[in-house]
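Trainee: My questions are about this predicted structure, shown below with the sequence.
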Amino acid sequence: MNIPISNERLVKEKDRERITTISRSQAWKLEQKGLFPKRLKLGDRSVAWKLSELLDWIEQQERA
């Protein structure tokens with residue numbers, strides 16, 4: 001079985017908030033509208049975001 005391996009760094013909620021400087025509820029609202037990177041479900045009660053997608057999102061906000 002070939003399992004793809006990624007070097008992508010995953011970011012949990014606490015770091016996501018520090019990196020993006022927006023609240024959990026604001027990130028959720030933007031995500032529901034397709035305006036923020038989608039979270040990845042890691043387990044029943046655990047989610048994370050790809051760091052590269054968060055940094056791309058920040059860059060887009062700075063350009064706007």
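Mentor: Okay, I see it. It should be emphasised that the depicted structure is a prediction, and the values quoted were computed from it without experimental measurement.
Trainee: Spatially central residue in this protein, please.
Mentor: In the chain, the centroid-proximal residue (C-alpha atoms, centre = their mean) is Trp49; its distance is 3.0 Å.
Trainee: Can you list the strands that the strand or helix carrying that one pairs with?
Mentor: For Trp49, the host element (DSSP states H and E) is strand 46-50. Strand 46-50 has the following strand partners under DSSP bridges: strand 10-11 (antiparallel), strand 40-43 (antiparallel).
Trainee: I'd assumed Leu10 was in contact with the residue nearest to the centre of the chain.
Mentor: Yes. Trp49 is in contact with Leu10 according to C-beta atoms under 8 Å; the separation is 7.0 Å. All C-beta spots, glycine's among them, are computed from the backbone N, C-alpha and C.
Trainee: ok, now how distant is Glu8 from Gln26?
Mentor: 24 Å (C-beta to C-beta, to the nearest Å).
Trainee: Kindly calculate the angle that the helix or strand just after the strand holding Trp49 makes with strand 46-50.
Mentor: Per DSSP H and E, the first helix or strand lying C-terminal to strand 46-50 is helix 51-63. Relative orientation of helix 51-63 versus strand 46-50 (axes from the mean of the first three to the mean of the last three C-alpha atoms, to 10 degrees): 60 degrees.
Trainee: helices or strands up against helix 51-63?
Mentor: strand 10-11, helix 13-20 (3 or more C-beta pairs under 8 Å, 6 or more residues apart in numbering; DSSP states H and E).
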